[in-house]
Structure formats: C-alpha cells, structure tokens
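A.B. asks: I would like the atomic coordinates for the input below:
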Amino acid sequence: MLLLPTREALNNFFVYTLFIFSSFSIAGTEASIVLLYLLGIYGLLKTRSWPRMENPLLWMILLFTAFTVFNGMLGEYRIDPWESLRSNWRLMLPFVLIPLLEQVDEKKLLMFFFSFLALFSLYGFIQYFTGVDWLRPEESSLATPYLAAGEESGVFHAKGNYSHHLTFGGVMLICSAMSLSLVFCRDWWMGDRLFYILTSGLIMISAVASLGRSIWLGLVVALFVLLVRISPRLMLGAAILFALLVGSLFMQYGSGPLSESRLETRLDIVRHRLLSGFNMNANRDRLLMWEGAVEGIQDHFWLGIGHAMDAEVMESYRERITAETGHRFTNPASAGVHNIYLQTWLNYGLTGFAAYLGIWIVFFSQALSGLKSTEPYDFSNCILWGVVAGLTGFMTAGIFENNFRDAEVQTILLMGIGLVNFQIQKARRPAMMRFRFH
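C.D. replies: Residues are numbered from 1 along each chain as shown. Next up, the predicted model:
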C-alpha cells in the first residue's frame with residue numbers, strides 16, 4: 001500500500017524549499033509559498049478552527065492590504081482590486097511560517113539556507129569580474145557592465161540569478177546582517193562559528209559587488225546597528241566619523257561634473273561609483289524623479305494613483321520636467337521613483353502610506369520588546385539583532401530604491417519577520433522550546 005506523506009512532512013519539506021529556493025529561484029520560492037498557504041488552509045479546514053488573529057502586526061498588514069485595494073478602487077483611475085494585490089499576496093507568509101518553525105530544526109534550516117546563499121554570493125562575485133550569466137541562455141544574458149568602460153575593465157553589476165542588481169543587493173543586504181549576527185551566537189561550536197564567518201563575508205562582498213550605492217549605505221547602517229550590541233559608545237564614535245566623512249565628500253564632490261576620464265582599473269570604477277553618490281549632477285535623474293513623485297502625490301494626496309499606474313500617469317509629469325529642464329530620464333516611468341516611501345504614497349495614498357509605516361513601527365516595537373526577553377548572544381537574541389539590523393539597513397536603502405516590491409527581496413524580509421516573531425513566541429515558553437532546540 002502506497003503511503004502518502006503526512007501534512008507535517010509536507011509542511012517541513014516546503015519550508016526547506018522556501019528557504020533554499022529564495023536564494024536563487026523566484027519560481028521555486030513562489031511555488032513553495034503557494035503550497036504552504038494551501039496546506040495551512042487545509043489544516044484549518046481539517047481542524048475546523050479559525051487562524052489566530054491576536055498579533056497586531058497581522059492586523060497592520062491586513063490594514064495596509066485593504067488600503068491598497070480600496071484606495072485603488074475608489075481612486076481616479078479605478079484600479080482592478082486583483083491588480084492591487086499582485087505585489088502584496090506574500091504578506092501573510094510570516095504568520096504561516098511561525099507555527100511551522102516549531103516543527104523544524106532551526107539550526108539545520110538556517111545552515112541549508114546560508115549554504116545556498118553563500119554559493120550564489122560567490123556566483124555574484126564572479127559576475128562582478130566576468131559578467132557571466134551561466135543560468136540563462138547566452139541570448140537571454142542579463143549581464144550589466146558598469147558604464148561604457150565596463151566591458152574593457154571587467155566590472156559588472158553582480159546580480160546572481162536575479163534580474164536586477166538592486167534585487168540581488170537587497171537580498172544580500174538583509175541576509176548579511178543576519179549571518180554576521182549569528183557569528184556571535186554562544187550556542188555554536190567552533191565549526192558553526194567559522195561557517196557563519198565565511199558566509200557573512202561572502203554575502204557582504206557580493207552585496208558590495210552589486211555596485212548599488214543604496215545597498216552600500218544600507219550595509220553601513222546595518223553594521224552600525226550590530227555595533228550597538230557590542231558597544232553603543234563605539235557605534236556613536238563610528239557614526240560621527242562616518243557623518244564627517246560624508247560631509248567632507250559632499251563638500252568636495254557635491255557640484256560640478258564628476259570626471260570619467262581615468263576609469264582604467266576596477267578600483268577606479270568602484271571609486272567613481274562611490275563618489276557619484278555625493279555628486280548632485282550624477283544624481284539629477286533620481287532627484288527629478290522625486291520631484292515628479294511629489295507633484296503626483298500633491299495631485300492624488302488621499303487615494304494615490306493606484307498600483308502599477310506609474311507608466312500611464314507619471315509620464316505627463318516627466319514630460320513637463322523635461323520641457324522645463326531639458327533633462328532626459330534614463331529609466332521609463334514604469335520603473336517607479338526610486339524611493340519606496342514616495343512610491344507607496346504615490347500609489348496608495350496617504351492612508352496606504354501610513355499603514356506601510358505602521359507595519360514597520362509595529363514590527364520594530366515587537367522586536368525591541370522581544371530582545372528584552374532573550375539572553376545576550378543566545379540563538380534567539382542573535383536572530384532578533386540580525387533581522388533588526390538587516391531590515392533597518394533595508395529601510396535606509398529604501399530612500400533610494402523601490403525593492404520592497406521585488407518578490408525576492410520581499411520574500412526574504414517576510415521570512416526574517418517570521419523568524420523574529422517565532423523567537424518572541426519561544427520566549428513566552430522558553431523551557432519547552434529550548435529543549436526542542438538542543
């Protein structure tokens with residue numbers, strides 16, 4: 001007689017596939033999420049029970065989702081509600097994961113996850129030097145050289161198996177903080193500690209190799225957050241030095257053209273990329289995108305323009321800016337405004353924007369409260385610090401990008417939120433769960 005796998009075995013299997021595929025395959029990741037959702041619904045129907053709804057973060061996410069749907073339906077352009085749900089359907093993932101994490105060995109799960117992530121981090125680092133895109137046919141290669149000299153100098157944006165370097169960088173930003181925090185976990189043997197030292201180094205290097213300036217800024221902020229745990233005074237001193245350095249670079253390179261005449265080596269190109277972040281002329285495209293976004297928000301203050309309406313609505317704002325300034329935008333209007341906060345307000349209105357901020361306010365409040373229930377440098381403490389640092393860096397990087405909408409980045413941050421909430425749940429019944437972990 002053929003024995004079918006139990007629901008618990010299937011749940012465990014798809015939790016593993018979710019964590020593994022999230023490092024390189026959006027198709028595998030989304031298939032895992034869908035199957036976990038279906039198994040969760042089946043479990044509720046089988047037990048004839050309602051899902052637990054006491055978590056305030058769940059209510060804030062539901063409120064945000066409701067605003068994205070209803071504001072689109074009521075707004076000027078009457079957005080199809082299903083269109084508004086396209087980039088938000090994964091938001092229930094943390095609450096599906098929380099009960100399932102009780103059934104798996106977290107240490108083993110994270111070892112698998114970071115092993116695959118380190119492998120694709122190394123792949124991204126190789127791409128930085130060679131531009132290879134081994135997992136796609138040659139005619140579909142997405143290799144992206146930096147500047148026109150990229151082919152000659154051998155400098156490319158690292159993007160792993162993702163379609164954009166900021167997507168790759170966003171994933172690596174969040175995960176590098178998680179991995180680095182786990183280096184200090186007192187529960188590890190030396191071999192485990194060495195594993196996380198290696199993986200965090202690879203992940204950070206690959207994040208730098210993405211050549212995303214917003215990613216670099218997010219990494220710095222994440223490191224500052226992790227430094228708070230070691231020494232708040234040291235962090236404050238480092239922050240002051242960093243602020244002085246940034247101010248000095250703005251004063252030196254803030255105006256005038258940024259020379260591209262001597263980009264002869266990889267170091268020259270990376271230096272150029274770094275300094276371009278402090279030059280207003282080099283960032284004019286982004287500044288004018290923000291100007292158009294502010295004007296769009298003023299005209300659609302309460303309800304926004306609706307999800308995925310940038311290409312249709314924002315082109316007229318860009319045409320006016322081009323007529324006034326002569327500037328030609330390098331990205332189409334459909335690419336958004338490269339600021340998740342302006343982007344959210346523009347698409348979903350004031351109430352949607354407030355709910356988006358509310359998600360993060362509730363999450364960080366829960367995480368900081370949860371830290372008080374953990375012991376310094378134990379497993380749960382390291383998970384909480386790592387996710388908080390990674391998502392703080394991610395939110396800082398969001399001032400200059402929209403990658404909360406990227407499925408790969410969104411999945412990783414939702415997995416982190418699920419891990420944090422599970423650690424908080426463990427702290428409420430520590431004896432039983434510590435027995436399970438060891």
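A.B. asks: can you tell me how far Lys426 sits from Lys107?
C.D. replies: 13 Å (Cβ to Cβ, to the nearest Å). C-beta coordinates here come from the backbone N, C-alpha and C atoms, glycine included.
A.B. asks: And for Phe24?
C.D. replies: 22 Å.
A.B. asks: What are the neighbouring residues in contact with Leu198?
C.D. replies: Residues counted as contacts of Leu198 (Cβ atoms under 8 Å, 6 or more residues apart in numbering) are Ala118.
A.B. asks: Return the helix or strand that it is a member of as CSV; C-alpha atoms alone will do.
C.D. replies: Using DSSP states H and E, Leu198 sits in helix 190-209. Written as CSV, here are the backbone C-alpha positions of helix 190-209 (Å, rounded to 0.1, in the frame of the first residue of the first chain):
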residue,chain,number,x,y,z
MET,A,190,33.7,26.5,16.6
GLY,A,191,32.8,24.8,13.2
ASP,A,192,29.4,26.5,13.2
ARG,A,193,31.0,29.9,14.0
LEU,A,194,33.6,29.5,11.2
PHE,A,195,30.7,28.7,8.8
TYR,A,196,28.9,31.9,9.6
ILE,A,197,32.2,33.9,9.4
LEU,A,198,32.7,32.6,5.9
THR,A,199,29.2,33.0,4.7
SER,A,200,28.7,36.5,6.2
GLY,A,201,32.0,37.5,4.5
LEU,A,202,30.9,36.1,1.1
ILE,A,203,27.4,37.7,1.4
MET,A,204,28.8,41.1,2.3
ILE,A,205,31.3,41.1,-0.5
SER,A,206,28.6,40.1,-3.0
ALA,A,207,26.4,43.0,-1.8
VAL,A,208,29.3,45.4,-2.4
ALA,A,209,29.8,43.8,-5.8
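A.B. asks: which element follows it toward the C-terminus?
C.D. replies: helix 213-230.
A.B. asks: Who are the packing partners of that following helix?
C.D. replies: Here helix 213-230 touches helix 165-182, helix 190-209, helix 232-253, helix 266-276, helix 379-397, going by 3 or more Cβ pairs under 8 Å, 6 or more residues apart in numbering; DSSP states H and E.
A.B. asks: Of those helices, flag the one that's most buried.
C.D. replies: Ranked by mean neighbour count under mean count of other Cβ atoms under 10 Å, these are led by helix 165-182, which reaches a mean of 29.
A.B. asks: for Asn88, what are its contacts?
C.D. replies: Shown in contact with Asn88 (Cβ under 8 Å, 6+ apart): Phe64, Thr65, Thr68.
A.B. asks: Tell me who's in contact with the closest residue to Ser181 other than its chain neighbours.
C.D. replies: Leaving aside its chain neighbours, Ser181 sits nearest to Gly386 (3.1 Å; criterion: Cβ to Cβ, 6 or more residues apart in numbering). Gly386 sits next to Ala177, Met178, Ser179, Leu180, Ser181, Leu182, Leu226 when contact means Cβ under 8 Å, 6+ apart.
A.B. asks: Quickly name whichever of the residues you listed is closest to Arg48.
C.D. replies: Met178 (37.3 Å; Cβ to Cβ).
A.B. asks: Report pLDDT for the closest residue to that closest one other than its chain neighbours.
C.D. replies: Computed as Cβ to Cβ, 6+ apart, the closest residue to Met178 that is not its neighbour in sequence is Gly386, at 3.7 Å. Predicted confidence (pLDDT) for Gly386: 98.
A.B. asks: which one of the helices and strands packed on helix 213-230 has the lowest average pLDDT?
C.D. replies: Minimum mean pLDDT among the helices and strands packed on helix 213-230: helix 266-276, a mean of 85.
A.B. asks: Packing partners of it?
C.D. replies: Packed against helix 266-276, as judged by 3+ Cβ pairs under 8 Å, 6+ apart, are the following elements: helix 150-153, helix 213-230.
A.B. asks: looking at those, which is buried most?
C.D. replies: Taking mean count of other Cβ under 10 Å, helix 213-230 is the most buried of these, at a mean of 21.
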